[in-house]
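**Student:** Sequence first, then the predicted structure, then my questions.
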Amino acid sequence: MTQKRSWMDPFRKARPIYITCDGGLEGVLARELETLGVPEAIPSHRGVGLFGNRQLLQRINVESRIANRILVPIAEYPADTRERLYGGARKVDWSRWFKVDATISIDASSHKSEHDHTGFIAQVIKDAICDHFRDKTGRRPSVDRLAPDIRINARIDRNHCVLSLDSSGDRLHRRGYRVEIGQAPIKETLAAGILALAGWQPGDVLIDPMCGSGTFLIEAAMIASNRAPGLDRARGQGFGFMNWLGFDAMAFEDYLTTLEERIIHEARPQIFGADNNRSVLEKMERNAERAQVAGLIETETCAVVDLRNPATEHADAAMHVISNPPYGERLKPEHLERLYRQLGDGLKSEFGGAIATLIVSEESPHRNLGLAPSKTRKLRNGAIPCRLLRFEVFKKGSFVTKSKRPARD
Ligand SMILES: C[S@@+](CC[C@H](N)C(=O)[O-])C[C@H]1O[C@@H](n2cnc3c(N)ncnc32)[C@H](O)[C@@H]1O
């Protein structure tokens, strides 16, 4: 007898998946996805597209260090009028994906389109979803803007609407360890992307002389100990896909157990941080404890002007200095210029042979470093347009002292 199927798994075949990231990280995200088993990852603007099944989608959510969110497009259609915007969303078989008891929220965005009011777009899509469920079940899902079970992403670009389910839920940089922050912390996913762009690998020395709440250091320690970035979140706050129909909780738990077994407990990476603010270092230490990597990072309270190489006994290892110095929001211009000069002097006198990678704002006085970057790349740190500068610091006596025009790649 054939069993009546009231629900058909939308993942019975591989589907298109779209993974978002910060602008400038598309290439390193695509490479990371290949290491996670994606056969073909295609970089595009602020993201990467691929085809994958449910297991791959779950794996990327838990194991990608660079992805911001992972979207599953479920409909696309012209949406130049309210009727068309509603009609396209009304045609989606929402009850294949989630139950009426789930709470929902719609993130809308619009670019060069008839409808540019994101609140209006979200309202129309929500009405279509509620009408779908009311017809099917006589009930409708409730909206929860803060902590919904199901997040729906509506993006309209030149009157073309793409509706996607957000399999991540909350954005992936929220790993769960960074409860306490200093001034201007960098996002965890951006820090992981910068480590990849810098070419830092486990076994290399890493030094962040202005480490603040320690995002570069903690991300590096998690990489060195092979600790999946989403492991704690999977057991805590969770991911959006865990609320979808067809989610197999037992198989997922088995997968998490294999990830835990792969953690390298005897890892001894050479990871060092400094900051002149003792209280921010204490926050960093508590964050590292929450991420279970506190034993892998050494820190000291030290101003840049007194910077010393803490890794002299690891002279054989490749050395990376990676940092995001203050951009100047809280410092007078002359203090900021002095700080960049001190940092440049410290790099030249203490870190000959190292590769230094600094994320600085467009406005910051990076020419005061007195070093010529071998590469610059545009990046955004949240709303701030930035540059990632790479310096090959020459051994004492042979460094380039004045920045000319920065090279571009
Ligand atoms: C932009 S924040 C770094 C944020 C860090 N990457 C994070 O994710 O939390 C810059 C840091 O530089 C530190 N700092 C400012 N002036 C300094 C100095 N002269 N010596 C050492 N650290 C300094 C600040 O205390 C602050 O924590």
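**Tutor:** Yep, that arrived. Residues are numbered from 1 along each chain as shown.

**Student:** Next, the contact list for the residue of the stretch 1-150 of the chain at minimum distance from the ligand, please.
**Tutor:** Using Cβ to the nearest ligand atom, the closest approach of the stretch 1-150 of the chain to the ligand is made by Asp22 at 14.2 Å. Bear in mind the C-beta positions are built from the backbone N, C-alpha and C, glycine included. Asp22 makes contacts with Arg46, Asn68, Lys187, Thr189, Leu190, Gly193, Leu379, Arg380, as judged by Cβ atoms under 8 Å, 6 or more residues apart in numbering.

**Student:** Now the residue of the stretch 201-350 of the chain found nearest the ligand: closest residue in space that isn't a chain neighbour?
**Tutor:** Proximity of the stretch 201-350 of the chain to the ligand (Cβ to the nearest ligand atom) peaks at Gly212, 2.9 Å away. Spatially, and ignoring its direct neighbours in sequence, Gly212 is nearest to Gly182 (3.9 Å; Cβ to Cβ, 6 or more residues apart in numbering).

**Student:** And the pLDDT for that neighbour?
**Tutor:** Looking at Gly182, its pLDDT reads 77.

**Student:** Quick check: which element contains it?
**Tutor:** Using DSSP states H and E, Gly182 sits within no helix or strand.

**Student:** picking that back up, separation between the residue of the stretch 1-150 of the chain closest to the ligand and Lys99?
**Tutor:** Asp22 sits 34 Å away from Lys99, going by Cβ to Cβ, to the nearest Å.

**Student:** now do Glu282
**Tutor:** For Glu282, the distance to Lys99 equals 45 Å [Cβ to Cβ].

**Student:** dump the residue contacts of the most centrally placed residue in the chain.
**Tutor:** With distances taken as Cα atoms, centre = their mean, Thr189 lies nearest the centre of the chain, 2.3 Å away. In this structure, Thr189 makes contact with Cys21, Asp22, Leu25, Arg65, Ile66, Ala67, Asn68, Arg171, Leu172, His173, judged by Cβ under 8 Å, 6+ apart.

**Student:** just Ala147 next, same as before
**Tutor:** Contacts of Ala147 by Cβ under 8 Å, 6+ apart are Thr103.

**Student:** what's the answer for His314, then?
**Tutor:** Val205, Gln270.

**Student:** quick revisit: what's the burial count for the residue of the stretch 201-350 of the chain closest to the ligand?
**Tutor:** Using other Cβ atoms under 10 Å, Gly212 has 24 neighbouring residues.

**Student:** where's Pro326, which helix or strand?
**Tutor:** Counting by DSSP H and E, Pro326 is part of no helix or strand.

**Student:** Go ahead and confirm it touches Pro209.
**Tutor:** No - checked against Cβ atoms under 8 Å, the pair Pro326 and Pro209 is beyond contact range at 12.0 Å.

**Student:** Give the residue from the two that has the larger number of neighbours.
**Tutor:** More crowded of Pro326 and Pro209, by other Cβ under 10 Å: Pro209, with 26 against 18.

**Student:** No further questions, thank you.
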